[in-house]
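1. Using only what follows, build the 3D model:
(one chain, ligands or ions: 1)
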Amino acid sequence: MTPTSYDALMEVVRNRMTVRAFDPSVPIPREHYELILEAARHAPSGANAQPWHFIVVEDQSLKDRIMAYFREEQVARAKLKMKFPTPDYRGLATAPGFIVVASDFRWVRAFPVLNDGSELDRMYKENAERILLQSVAAATMSAHLAAAALGYNVWWVTAIGQEKAQAAMKPLLGIPEELSVLDIMCFGPPAKAPYKRWKKRLEEIVSWNRFDPAQAKTEAQIDEWIATQRQKVMYKDEKNVD
Ligand SMILES: Cc1cc2nc3c(=O)[nH]c(=O)nc-3n(C[C@H](O)[C@H](O)[C@H](O)COP(=O)(O)O)c2cc1C
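-> So this is what the prediction gives:
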């Protein structure tokens, strides 16, 4: 890769910023959906199985109904006192770009599995599921970067994994029983100026040859981070996170 294309790539990577409310007045041309999903199409995947399917949702009434499930989830979480800083999911209905990402978990059979019900088989299957999820995430990330390259902001939404929400949403989009909805990709112009979120420094996430013990975390440290930092890093500009 030439330095020039690295710089161009990093410009896109750095400027991929999440927003959770969009300007709904700017329609997304089909051509842009195709450019974005063309990037997803080239993603790597375990066994080259390409275990993904993307459903473009243009119909506003469908977006509204999907948003309603997320609102329900938001209310349920508040009642459960989960303490997770759940965002305002009404923003989903404002997204001019809306792609539902689905996968068929039967593709795990394409990865190394024994299918004999043994303990070893269970362990292989567990890893096969990870391979599938990493594959779909790889394609989804390519799509997000392509959307960022087209000048849009993005929102990666996973909060609907639960069986109940899946059961409600799948018939709405005619998604067959065998498929699972993994996430929703929203994109478009932002409702208000996006901001760059805090990212760990390189030395915090990289070890050379052997794991750097200085980076090992205790459970207490992780809990402390969740209690004091999580909300800030999710919702604040990096300039306002100490
Ligand atoms: C796998 C994954 C799941 C996510 N799920 C949600 C979600 O359900 N709801 C949400 O509001 N944001 C979700 N996000 C967005 C993250 O909160 C966001 O990427 C993070 O705060 C960093 O901000 P940035 O994307 O601007 O760098 C998710 C992101 C990823 C990669």
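
2. pLDDT score for residue 161?
-> In this prediction, residue 161 carries a pLDDT score of 66.

3. whoops, I mixed them up, residue 188
-> Confidence score, pLDDT, at residue 188: 98.

4. try residue 1
-> 56.

5. what number of residues lie near residue 105?
-> Residue 105: 15 surrounding residues under other C-beta atoms under 10 Å. Using the backbone N, CA and C atoms, a C-beta is placed for each residue, glycine as well.

6. Tell me how far it lies from the ligand.
-> In this structure, residue 105 and the ligand are separated by 17 Å, where distance is defined by C-beta to the nearest ligand atom, to the nearest Å.

7. quick one: contacts for that residue?
-> Contacts here follow C-beta atoms under 8 Å, 6 or more residues apart in numbering; on that basis residue 105 touches 129, 132, 178, 180.

8. which of these tops the neighbour count?
-> Neighbour counts for those were taken using other C-beta under 10 Å; the highest belongs to residue 132, which has 26 neighbours.

9. so how far is whichever strand or helix holds that residue from its chain's centroid?
-> Taking DSSP states H and E as the definition, one finds residue 132 inside helix 119-149. Its chain's C-alpha centre and that of helix 119-149 lie 11 Å apart, by C-alpha atoms, centre = their mean, to the nearest Å.

10. How about stretch 144-156?
-> Relative to where its chain is centred, stretch 144-156 has its mean C-alpha point 12 Å off (C-alpha atoms, centre = their mean).

11. What residues does this structure have near the ligand?
-> The chain comes close to the ligand at residues 17-18, 20, 87, 156-159, 197, 234, as judged by C-beta under 6 Å from any ligand atom.

12. Mark which of the residues you listed are part of helices, please.
-> For the residues of the chain next to the ligand, the ones inside helices are residue 234, with DSSP state H as the criterion.

13. State the pair within the residues of the chain next to the ligand that is farthest apart.
-> Greatest spatial distance among these (C-beta to C-beta): 17 and 159, at 19.1 Å.

14. quick one, domains of the protein?
-> Domains of the chain are assigned by automatic domain parsing as 3-194, 198-242.

15. Need the winner for burial among those domains.
-> domain 3-194 (a mean of 16; mean count of other C-beta atoms under 10 Å).

16. the strands in this structure, which residues?
-> In order along the chain, the chain carries the following strands (DSSP state E): 53-56, 97-104, 153-157, 179-188.
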